[in-house]
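[1] Give me the fold of what follows.
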Amino acid sequence: MIKEKMPLQVWILTLAAFAIGTAEFIIAGILPQVATSLSITEGQAGYLISAYALAIVFGGPVLTIYLARFNKKAVLSALMLLFILGNLMSAIAPNYTILMISRVITGLVQGPFYGIGAVVATNLVTEKMAGRAVGQMFAGLTLANVLGVPGGTWIGLNFGWHTTFITVAALGLIAMFFIITVIKSSGHGEAKDVKAQLMAFKNPMLLISLAITVFAWSGFMTLYGYLAPIAMHITGFTADAVTWILVTVGIGLIIGNTLGGRFSDINLQKASLFWAVAMIVSLLLVGFAIDNKMLFIAAAFIFGVASFANVPAMQLRVMNHGGEGQELAATANISAFNLANAFGGFLGGMVLDSKMGGGMIPFAAIIVPIIGLLFIVIANRRESTSTKANLQAA
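    As a prediction, the model looks like this:
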């Protein structure tokens, strides 16, 4: 039996996802520097996470509906161009308002790129490889947390946070070059019309799947977005050490993403439930280990593994229930991820600036994911019932 290889085009999408992922999460590494430079609180700097995420939530589906009619290669290339311009604007931002606007512009790219890119990736492989293809593309996100965010943090510490955004723009330029030269203009299937895509949202299982992403994922950015101030102000690490903590978490994200993709291909329902529970447990571990440097690093690593193991299952479940609107459904799920990120950034910022302080962030982060668990149980039961009914009918 010949083992199927991942096509080169999927690796190119991984490269683009790496650039976009670095842009999304980089605030987590340079948050203290941005706050000091712009004379704002770290909580206010954290709201830049929410602004970026909300741009994805509301801009992503609208842009995807409009862009679905065009050639996918041209669309992906144009989105990367907007991504480059947004990051250059961040690099020259003289104040908080301009930086906030630039983050919104950059955030508009992510939803349609990941949504359309995920459909392209799954269409390039056989059905049995679909989970791994989505996981491979999203591996760009995890790699961004191992190399992009720590690297950008190091650049910010040594050359200023403005230089970090110039570097991210350069990553986008490289990704755009390879998209133009490697991704084929045809062969990815024709986009369905707008009405057909919107009709997919009448499926209650699609709506439940999106709810799973919103609720179960919300704990990730609540903690991850504020790891730097927690590590520095509570656990007692230096600013330089934060870079290596982010690398450690990032390695966990890569491992988790790989495990999540394989588990999802084996049993999507069990994978979804197991990893959602694992992320909640990992948040508690971080909270209890916050006063011990070695335990904090170990718990942060486990948090990385457990968190990103959720991603392939969440994205694949939505695409399975997307029907005629698979592209829009996939993009809507990116919006769902980032609605959770926006809430997490806001919640973490409020807790950090409150009397409770950063030490309570990991515990605050578990509240909403518990609701996500309930939706997973509901979805699993409905899918099992549907499968049994189909077998009996056959």
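
[2] Format the CA atom coordinates belonging to stretch 119-128 as PDB.
    Output in PDB follows, covering the C-alpha atoms of stretch 119-128 (Å, rounded to 0.1, in the frame of the first residue of the first chain):
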ATOM      1  CA  VAL A 119     -11.000  24.000   1.300                       C
ATOM      2  CA  VAL A 120      -8.200  24.100  -1.300                       C
ATOM      3  CA  ALA A 121      -6.100  21.900   1.000                       C
ATOM      4  CA  THR A 122      -8.800  19.200   1.500                       C
ATOM      5  CA  ASN A 123      -9.500  19.200  -2.300                       C
ATOM      6  CA  LEU A 124      -5.800  18.400  -3.000                       C
ATOM      7  CA  VAL A 125      -5.900  15.100  -1.000                       C
ATOM      8  CA  THR A 126      -8.100  12.000  -0.600                       C
ATOM      9  CA  GLU A 127     -10.900  12.000   2.000                       C
ATOM     10  CA  LYS A 128      -8.900   9.800   4.400                       C
END
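
[3] what does that stretch rub up against?
    Here stretch 119-128 makes contact (C-beta atoms under 8 Å, 6 or more residues apart in numbering) with 4, 6-7, 9-10, 13, 72, 76, 130, 132-134, 136-137, 183, 188-189, 265, 319, 326-327, 330. All C-beta atoms are positioned from the backbone trio N, CA, C, and that covers glycine.

[4] same thing but 6 Å
    Residues outside stretch 119-128 that contact it (C-beta atoms under 6 Å, 6 or more residues apart in numbering) are 7, 9-10, 13, 72, 130, 133, 137, 188-189, 326-327, 330.

[5] and it, how far from the chain's centre?
    Taking C-alpha atoms, centre = their mean, to the nearest Å, one finds stretch 119-128 lying 20 Å from the centre of the chain it belongs to.

[6] So which of the contacts of stretch 119-128 wins on neighbours?
    Within these, neighbour counts (other C-beta atoms under 10 Å) peak at Leu13, which reaches 31 neighbours.

[7] For the helix or strand containing that residue, buried residues please.
    For Leu13, the host element (DSSP states H and E) is helix 8-38. Buried positions in helix 8-38, judged by neighbour count with 16 or more other C-beta atoms under 10 Å: 9-35, 37-38.

[8] what packs against the very next helix or strand once past that helix?
    Sequence order places helix 42-67 as the next helix or strand after helix 8-38, per DSSP H and E. Packing partners of helix 42-67 (3 or more C-beta pairs under 6 Å, 6 or more residues apart in numbering; DSSP states H and E): helix 8-38, helix 96-123, helix 326-353.

[9] Select, out of the ones you listed, the one closest to Leu173.
    Leu173 lies closest to helix 8-38 among the helices and strands packed on helix 42-67, at 8.7 Å (C-beta to C-beta).

[10] just for the stretch 51-200 of the chain, where's the confidence low?
    The stretch 51-200 of the chain contains residues with pLDDT under 70 at 131, 185-194.

[11] Which member of the contacts of stretch 119-128 is positioned nearest Thr248?
    Looking across the contacts of stretch 119-128 and measuring by C-beta to C-beta, the closest to Thr248 is Met137, at 23.4 Å.

[12] what's the distance between that closest one and Val119?
    10 Å (C-beta to C-beta, to the nearest Å).

[13] quick one: the helices in the stretch 101-250 of the chain?
    Here the stretch 101-250 of the chain has its helices, by DSSP state H, counting those that start in this stretch, at 130-143, 149-159, 161-182, 194-199, 204-217, 219-224, 227-230, 239-266.

[14] The third one relative to helix 8-38, how many degrees between them?
    What it means is helix 161-182. Per axes from the mean of the first three to the mean of the last three C-alpha atoms, to 10 degrees, the angle that helix 161-182 makes with helix 8-38 is 170 degrees.

[15] Using CSV, write out every CA atom in helix 161-182.
    As requested, the backbone C-alpha atoms of helix 161-182 are provided in CSV (Å, rounded to 0.1, in the frame of the first residue of the first chain):
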residue,chain,number,x,y,z
TRP,A,161,8.5,46.4,18.2
HIS,A,162,8.1,48.5,15.0
THR,A,163,10.8,46.3,13.4
THR,A,164,8.9,43.2,14.4
PHE,A,165,6.0,44.2,12.2
ILE,A,166,8.4,45.0,9.3
THR,A,167,9.7,41.4,9.6
VAL,A,168,6.1,40.0,9.6
ALA,A,169,5.4,42.0,6.4
ALA,A,170,8.5,40.4,4.8
LEU,A,171,7.2,37.0,5.7
GLY,A,172,4.0,37.8,3.9
LEU,A,173,6.0,38.9,0.8
ILE,A,174,7.7,35.5,0.7
ALA,A,175,4.4,33.7,1.1
MET,A,176,2.8,35.7,-1.7
PHE,A,177,5.7,34.9,-4.0
PHE,A,178,5.3,31.2,-3.5
ILE,A,179,1.5,31.4,-3.8
ILE,A,180,1.9,33.1,-7.2
THR,A,181,4.5,30.6,-8.4
VAL,A,182,3.3,27.3,-7.0
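
[16] So for it, what gets flagged as buried?
    Burial within helix 161-182, assessed by neighbour count using 16+ other C-beta under 10 Å, is assigned to 161-162, 164-169, 171-172, 175-176, 178-179.

[17] Not counting that helix itself, show me its contacts.
    Here helix 161-182 makes contact (C-beta under 6 Å, 6+ apart) with 12, 15-16, 19, 22-23, 30, 33-34, 76-77, 80, 83-84, 87-88, 90-91, 152, 155-156.

[18] cool, and the fourth one?
    In this structure, residues lying in contact with helix 194-199 by C-beta under 6 Å, 6+ apart are Ile65, Glu324, Gly325, Leu328.

[19] Now with 8 Å, please.
    By C-beta under 8 Å, 6+ apart, the residues outside helix 194-199 that reach it are Ile65, Ala68, Ala191, Gly323, Glu324, Gly325, Glu327, Leu328, Ala329.
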